[in-house]
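Novice: Provided below for reference: sequence and predicted model.
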Amino acid sequence: MKKIIEFLKRKNVDMTADKYAINALGAMAQGLFASLLIGTIISTLGERLGIEVLVEIGTYAKSVTGPAMAVAIGYSLQAPSLVLFSLITVGAAANKLGGAGGPLAVYVVAVVATELGKIVSKETKIDIIVTPLITICSGVLLSMWCAPAIGNAASSVGDAIMWATEQQPFIMGILVSVLVGMALTLPISSAAICAALGLTGLAGGAAVAGCSAQMIGFAVMSFKENKWGGLMAQGIGTSMLQMGNIVKNPKIWIPPTVAAAITGPIATCIFKMEMNGAAIASGMGTCGLVGQIGVYTGWLSDIANGTKTAITAMDWIGLVLICFALPAVITLAVALVLRKKEWIKENDLKLEL
């Protein structure tokens, strides 16, 4: 056993939750962003402006979603070059065979294929044959064996959440908004979670609300300490920057979480805001305004397929209130109370920017 542990350590196969649940999952979201999400944005822009070449560019970007995710995962696991390049095939197979739950299938398969590839890498004199052979064969065979089941399971969970949100929009609006919003602030990927579950519709709208509440909430609540740089870094960057401060004083997490609990059901019950763009956008919040762009592209898709007649003023009002105005006002109000009670003290929200 000692020799096996030493061998795995030498091959940089570090089987820890931190490496798989944080690094690999976060990388998967980046791969999705750099293919499916950006491709959707470019295609939508091309369609709206009547520029055919942009539509074509976006189509190409979306077509490599599986390979982009797999390579991103391999990169996060520090895969050698031959393993990394071989993951292109693995990602394509896993994403296709995983169906609607393709992102989760790619995640599982790519992690296994990467580690197997790392184990055999440079162990023989014919490494250029052995490493891609093992990586590709193990990845594709694993995809054929389990990707459909993984994809179906992920889709079933996502469908159940979306169905429950349709049936109980108030309760589920709170739960989805709070939980996905908190996942965004934690060092895990809310975007990858939403993508893996295919979270769209009303549930996707609640997720956008929760993520926006965390980002805008922390941005405005900490403006006194972090000024404009902090406002931009958190408001259109990530609220994850506050994770260190949350560990020191968990009470600073209360205001934006309260805001998420309020804006979530407002999104589902009053404005009925749906996120019918790419599922990854549901977990992005105001990061680069991707969540809002996702909602907008969803409106266009709904109009194109006949489920929506037009984008109304109420749609825009709801989007602005839920994603920007209400999170800012609610968070500031709750934070003011907590500051007076000295639950939040000066510099508790200070960032080293």
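Specialist: Arrived safely, thanks for sending. This one's a predicted model, so the numbers in the text were calculated from it and none came from an experiment.
Novice: In terms of helix, strand or coil, where does the residue in the chain sticking out farthest from the centre fall?
Specialist: Outermost residue of the chain with respect to the C-alpha centroid, by CA atoms, centre = their mean, is residue 125; its distance is 40.6 Å. Recorded secondary structure, residue 125: coil (DSSP: H, G, I helix; E, B strand; the rest coil).
Novice: what pLDDT does it get?
Specialist: On pLDDT, residue 125 comes in at 91.
Novice: Please report the distance of it from residue 131.
Specialist: Residue 125 sits 12 Å away from residue 131, going by CB to CB, to the nearest Å. The C-beta positions use only the backbone N, C-alpha and C, and glycine is treated the same way.
Novice: Could you list the low-pLDDT ranges of this protein?
Specialist: 353 (pLDDT under 70).
Novice: Tell me which residue is most central in it.
Specialist: In the chain, the residue lying closest to the centroid (CA atoms, centre = their mean) is residue 191, at 0.8 Å.
Novice: what's the helix or strand for it?
Specialist: In this assignment (DSSP states H and E), residue 191 forms part of helix 190-197.
Novice: ok, now residue 108?
Specialist: helix 102-120.
Novice: For the stretch 251-353 of the chain, which segments are assigned as helices?
Specialist: Using DSSP state H, counting those that start in this stretch, the helices of the stretch 251-353 of the chain run over 254-265, 290-304, 313-320, 326-340.
Novice: ok, now the stretch 101-250 of the chain?
Specialist: Secondary structure of the stretch 101-250 of the chain (DSSP H, counting those that start in this stretch): helices at 102-120, 127-167, 169-185, 190-197, 201-221, 223-235, 243-248.
Novice: which of these is buried the deepest?
Specialist: helix 201-221 (a mean of 32; mean count of other CB atoms under 10 Å).
Novice: what packs against it?
Specialist: On a contact count with 3 or more CB pairs under 8 Å, 6 or more residues apart in numbering; DSSP states H and E, helix 201-221 meets helix 127-167, helix 169-185, helix 190-197, helix 223-235, helix 254-265, helix 290-304, helix 326-340.
Novice: how close does the closest residue to residue 265 other than its chain neighbours sit to residue 161?
Specialist: Once flanking residues are discounted, residue 265 sits nearest to residue 173: 3.6 Å by CB to CB, 6 or more residues apart in numbering. Applying CB to CB, the value for residue 173 to residue 161 is 12 Å.
Novice: got it, and residue 151?
Specialist: The value you get for residue 151 to residue 161, if CB to CB is used, is 16 Å.
Novice: swap in residue 78?
Specialist: The spacing between residue 78 and residue 161, counted by CB to CB, is 34 Å.
Novice: swap in residue 186?
Specialist: Distance of residue 186 to residue 161, given as CB to CB: 19 Å.
Novice: May I ask you to confirm that the residue nearest to the centre of the chain is in contact with residue 33?
Specialist: Yes - contact between residue 191 and residue 33 holds when scored by CB atoms under 8 Å: they sit 7.3 Å apart.
Novice: Who are the contact partners of residue 231?
Specialist: 219-220, 223 (CB atoms under 8 Å, 6 or more residues apart in numbering).
Novice: Need the helices and strands packed on helix 201-221 in TSV (columns: distance to residue 16).
Specialist: Listed next are these as TSV, based on distance: least, CB to CB, whole Å:
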stretch	distance to residue 16
helix 127-167	21
helix 169-185	19
helix 190-197	18
helix 223-235	28
helix 254-265	28
helix 290-304	29
helix 326-340	34
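Novice: Quick check: which of these is nearest to residue 46?
Specialist: helix 290-304 (11.9 Å; CB to CB).
Novice: can you give me the angle that closest one makes with helix 201-221?
Specialist: Angle, helix 290-304 to helix 201-221, by axes from the mean of the first three to the mean of the last three CA atoms, to 10 degrees: 150 degrees.
Novice: Packing partners of helix 290-304?
Specialist: In terms of contacts (3+ CB pairs under 8 Å, 6+ apart), helix 290-304 is packed against helix 38-49, helix 201-221, helix 313-320.
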